[in-house]
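Participant: model this:
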Amino acid sequence: MRTIYRAITLAAIAVGVALPLVASAAQVVVLRPGNMITASMNQTIDSGSANKGDKFTLTVLSPYPNSGGSSFANAQLDGHITNVVRAGQGRNAALEFALDRIHLANGQQGAVSTLLQTQATQRHNNTSNVALTAVGGMIVGNIIGKTLFHSNLGGAAGLVGGALYAYNMRTNVSMRKGSVLVSEVVQHVAVLR
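Facilitator: Here you go, the predicted structure:
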């Protein structure tokens, strides 16, 4: 009789342990390699003010990855900036970043490994800077030309010099709030509680 009670007790314990594991396995959302994630920036990142290590978030948009469907509605992605190059004289700006984790609305989360496919980076407009610097160069060139060389060519030389200097001055880039990026999952990810 004792062995029957022991067997029933052990079976009940086994069911009690296995049932939550089976239930939690049913709630696993999987991201497979090749799944595409479309997301929108939740804040603006600018190469003129961002720093390596700064963190940011994105909201996952539809179409959702095939593997989880609507489980990805209102999901958030966490990322961080890996490299920043500020614009300068003859130096183009750059922003590099990585996506780290995904958080589903139901609390499930997992580490992600993705490869960026497209992003909506905006280069700042430099036209007004070129115009103002050219006018400033013209004024300074005119003053120097008339004072030192007693010539009217200083203004033209200053205009051309100022425009060339400003044109070579590169502008920063930014990913504005609401910008959309698409990344491809490169490693299998199980999104768990």
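Participant: do you know how far the nearest residue to Tyr64 once chain neighbours are set aside is from Thr171?
Facilitator: Leaving aside its chain neighbours, Tyr64 sits nearest to Phe72 (4.1 Å; criterion: Cβ to Cβ, 6 or more residues apart in numbering). The C-beta positions use only the backbone N, C-alpha and C, and glycine is treated the same way. Phe72 is 35 Å from Thr171, where distance means Cβ to Cβ, to the nearest Å.
Participant: quick one, which of those two is more surrounded?
Facilitator: Using other Cβ atoms under 10 Å, the more surrounded residue of Phe72 and Thr171 is Phe72, with 24 against 17.
Participant: Verify the stated contact: the more buried one with Pro65.
Facilitator: Yes. Using Cβ atoms under 8 Å, Phe72 is in contact with Pro65, at 6.2 Å.
Participant: what do these two both touch?
Facilitator: Common contacts of Phe72 and Pro65 (Cβ atoms under 8 Å, 6 or more residues apart in numbering): Ile37.
Participant: who's in contact with the residue nearest to Tyr64?
Facilitator: Listed by Cβ under 8 Å, 6+ apart, the contact partners of Phe72 are 29, 37, 60, 64-65, 104.
Participant: From those residues, pick the one nearest Ala190.
Facilitator: Using Cβ to Cβ, Val29 comes nearest to Ala190 of the contacts of Phe72, at 7.7 Å.
Participant: returning to that earlier point: for the residue nearest to Tyr64, give its distance to Leu31.
Facilitator: Using Cβ to Cβ, Phe72 is found at 9 Å from Leu31.
Participant: now swap in Asn83 and tell me
Facilitator: From Asn83 over to Leu31 (counting by Cβ to Cβ), the distance is 25 Å.
Participant: Looking at those two, which is more packed in?
Facilitator: Taking other Cβ under 10 Å, Asn83 and Leu31 do not tie; Leu31 has more neighbours (24 against 12).
Participant: thought the more buried one was touching Ser113?
Facilitator: No. Leu31 is not in contact with Ser113 according to Cβ under 8 Å; the separation is 9.3 Å.
Participant: what's the overlap in contacts for those two?
Facilitator: Residues within reach of Leu31 and of Ser113 at once, by Cβ under 8 Å, 6+ apart, are 185, 189.
Participant: Outline the domain layout of the protein.
Facilitator: With domains defined by automatic domain parsing, the chain comprises 29-124+171-191, 127-168.
Participant: Helices of this structure, start to end?
Facilitator: Secondary structure of the chain by DSSP state H: the helices cover 2-26, 127-148, 154-168.
Participant: ok, of these, where does mean pLDDT dip lowest?
Facilitator: Lowest mean pLDDT of these: helix 2-26, a mean of 55.
Participant: Read off the pLDDT value for the residue nearest to Ala75 when sequence neighbours are not counted.
Facilitator: Closest residue to Ala75 apart from its sequence neighbours, by Cβ to Cβ, 6+ apart: Val60 at 4.1 Å. Predicted confidence (pLDDT) for Val60: 92.
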